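Visitor: Provided below for reference: sequence and predicted model.
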Amino acid sequence: MPKDSDFHLVSEPLPPLSEGQVLLRTQYLSVDPYMRGRMNGVRTYADPVNIGQMMVGGAVGEVVESRNSDFPVGDILTGYWGWQEFAISDGTGLRKIDTNLAPPSTALGVLGMPGMTAYFGFLEICQPKSGEMVVVSGAAGAVGSLVGQIATIKGCEAVGITGADSKVAWITDELGFDAAFNYKTTDDYVARLKELCPNGIDCYFDNVGGPITEAIFSVLNTKARISICGQISQYNSPKPQSFAPIFSYLLTKSARAEGFLVYNYAERFAEGMAQMAKWIKEGKIKYRETIVDGFENVPRALIGVLSGDNTGKMVVKVT
């Protein structure tokens, strides 16, 4: 598990802007589980953040100086400029935010990367059908809480797995999950899943891996689909768990498990954001943010995400 002492707060002077550049003052920073994988010093699907480098991550900020006619002073933008209070950009990868649509912080959550992860990762890989049983682990997080709601919109039953009774209450009472359980107070995951899913599981959206995911396999229906989004239970483990037996379940159930990266669907983000915004306006999608104040507390917020301290999306309010 990362510690506060693994991070250093560094001050550096800002150079003057060149033609075509903008100066951004950060308002909100995203902290997400994938960041832990970037700290391992090895390349996976992206380059690692090596010791001494600035931490990567999504951000929202205001243009406070501009030499780029596409982004005048006052524009609120989102991009991937990492953990810094001010950033200079040539405009590449920046997107304007319509603050009349939703608060700007949602560009890091329900109308940003987590929202697109839930939308495409569930609909494209699980391909849910009305009446099917959907189970979501990490169900009170930024992604899982949206997956369960999309499942109900599509006419499915949704069961959530989370780590606190308060989170169980939130996703069932407010978000419309049909049932949920607290894995920290449950002794037998398989028995609980069979109780809540008496006709088996058709779709599983996996955010956590580990023993929870292992228990899922024995309750799968024939032709079940599994979307592998994250493995947060394994990110800080010195000896990640082996899952060799799962292939037998996939074979005997004719089931399919597929991992994905949200940026595989980057060309369709406009489609996904438009649909998520429509569902929010119609009251079909609800979201929650856990907001940490202060730029100096970004590492603590990341540690909180890895410890399950957040309900919904964790963001840091910088200004």
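Guide: It's in. Residues are numbered from 1 along each chain as shown.

Visitor: Okay, L306 and G283: tell me how far apart.
Guide: From L306 across to G283, the span is 32 Å (C-beta to C-beta, to the nearest Å). Yep, even glycine has a C-beta here, placed from its N, CA and C like the rest.

Visitor: do Y204 as well
Guide: Separation of Y204 from G283 (C-beta to C-beta): 27 Å.

Visitor: which of those two has more neighbours?
Guide: Y204 (27 against 7; other C-beta atoms under 10 Å).

Visitor: what about the more buried one, is that helix, strand or coil?
Guide: For Y204, the assignment made with DSSP: H, G, I helix; E, B strand; the rest coil gives strand.

Visitor: how close does it get to I285?
Guide: For Y204, the distance to I285 (C-beta to C-beta) stands at 21 Å.

Visitor: cool, I228 as well?
Guide: As defined by C-beta to C-beta, I228 lies at a distance of 23 Å from I285.

Visitor: So if I had to pick from those two, which one is more boxed in?
Guide: The residue with more neighbours, out of I228 and I285, is I285; 23 against 17, by other C-beta under 10 Å.

Visitor: so Y287 makes contact with T311?
Guide: No. Assessed by C-beta atoms under 8 Å, Y287 is found out of contact with T311, at 10.3 Å.

Visitor: Identify the neighbouring strands of the host helix or strand of A180 in the sheet and state each direction.
Guide: Taking DSSP states H and E as the definition, A180 sits inside strand 179-182. Take DSSP bridges as the rule and strand 179-182 pairs in its sheet with strand 157-162 (parallel).

Visitor: Run the chain-centre distance for the partner strand.
Guide: Relative to the chain's own centre, strand 157-162 is displaced by 16 Å; criterion: C-alpha atoms, centre = their mean, to the nearest Å.

Visitor: and that strand, what's its mean pLDDT?
Guide: Strand 157-162 carries an average pLDDT of 98.

Visitor: quick one: the strands in the protein?
Guide: Along the chain, counting by DSSP state E, strands occupy 22-30, 59-66, 76-79, 86-89, 95-96, 133-137, 157-162, 179-182, 201-206, 220-228, 256-259, 289-293, 313-317.

Visitor: what's the closest of these to M113?
Guide: When these are compared by C-beta to C-beta, strand 22-30 sits nearest M113, at 7.4 Å.

Visitor: If you count neighbours, what's buried in that closest one?
Guide: For strand 22-30, a neighbour-count test (16 or more other C-beta atoms under 10 Å) marks V22, L23, L24, T26, Q27, Y28, L29, S30 as buried.

Visitor: what's the closest of those residues to V135?
Guide: Closest to V135 out of the buried residues of strand 22-30 is S30 (26.3 Å), distances taken as C-beta to C-beta.

Visitor: so what's that closest one scoring on pLDDT?
Guide: Listed pLDDT for S30 reads 97.

Visitor: What distance do you get for the residue nearest to G163 when sequence neighbours are not counted to E267?
Guide: Nearest-residue entry for G163: G308, 4.8 Å, with adjacent residues in sequence omitted and distances by C-beta to C-beta, 6 or more residues apart in numbering. Noted for G308: a distance of 33 Å to E267, by C-beta to C-beta.

Visitor: any chance you could map the helices in the protein?
Guide: For the chain, the helices defined by DSSP state H occupy 34-38, 113-123, 144-153, 165-169, 189-196, 210-217, 246-252, 269-281, 298-307.
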